[in-house]
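Chemist: Below is the structure, and that's it, no one-letter string:
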């Protein structure tokens with residue numbers, strides 16, 4: 001069977017596989033084996049466990065949520081204006097830091 005995965009997911013699986021010293025295919029099979037059977041009595045709990053144990057998702061602590069505030073619409077518009085100048089981001093950063 002062939003499964004096409006987005007590049008980002010494939011890279012995450014690669015990192016996870018390297019940390020576990022396994023092949024990516026082994027990690028994928030292990031993760032797929034944790035998917036609960038349909039009709040299992042505690043399906044919701046099994047999904048929660050799968051997401052927690054898969055290593056593919058990051059749980060943000062309440063402290064981190066309080067520390068970082070979402071960007072306002074005004075700030076987002078300003079960032080879009082500043083970075084939509086048609087230049088590579090690296091050049092914009094260099095100019096803003098006055099390195100040129």
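Modeler: It's in. Computed from a prediction, not measured in an experiment: that's the story for all the values here.
Chemist: use CA for all of it now, contacts and neighbours both
Modeler: Noted.
Chemist: Show me where this structure has its helices.
Modeler: 7-20, 24-33, 43-53, 62-67, 73-83, 89-96 (DSSP state H).
Chemist: nearest to residue 1, of the ones you listed?
Modeler: Of all the helices of the chain, helix 24-33 sits nearest to residue 1, with 11.5 Å by Cα to Cα.
Chemist: and that closest one, average pLDDT?
Modeler: Taken as a whole, helix 24-33 has an average pLDDT of 87.
Chemist: returning to that earlier point: in a markdown table, list the helices of the chain along with mean neighbour count.
Modeler: Shown next, in a markdown table, are those (neighbours: other Cα atoms under 10 Å):
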| stretch | mean neighbour count |
| --- | --- |
| helix 7-20 | 14 |
| helix 24-33 | 14 |
| helix 43-53 | 13 |
| helix 62-67 | 9 |
| helix 73-83 | 11 |
| helix 89-96 | 12 |
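Chemist: how far out from the middle of the chain is stretch 84-96?
Modeler: Offset of stretch 84-96 from its chain centre (Cα atoms, centre = their mean, to the nearest Å): 25 Å.
Chemist: So which residue is dead centre in this structure?
Modeler: residue 57 (6.4 Å; Cα atoms, centre = their mean).
Chemist: With distance to residue 1 as new columns, can the helices of the chain be given to me in TSV?
Modeler: Converted to TSV, the helices of the chain look like this (distance: least, Cα to Cα, whole Å):
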stretch	distance to residue 1
helix 7-20	16
helix 24-33	11
helix 43-53	22
helix 62-67	40
helix 73-83	42
helix 89-96	40
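Chemist: rewinding a little: which pLDDT value goes with the residue nearest to the residue nearest to the centre of the chain when sequence neighbours are not counted?
Modeler: In space, residue 57 comes closest to residue 51 once its chain neighbours are excluded; the distance is 6.6 Å by Cα to Cα, 6 or more residues apart in numbering. pLDDT, residue 51: 81.
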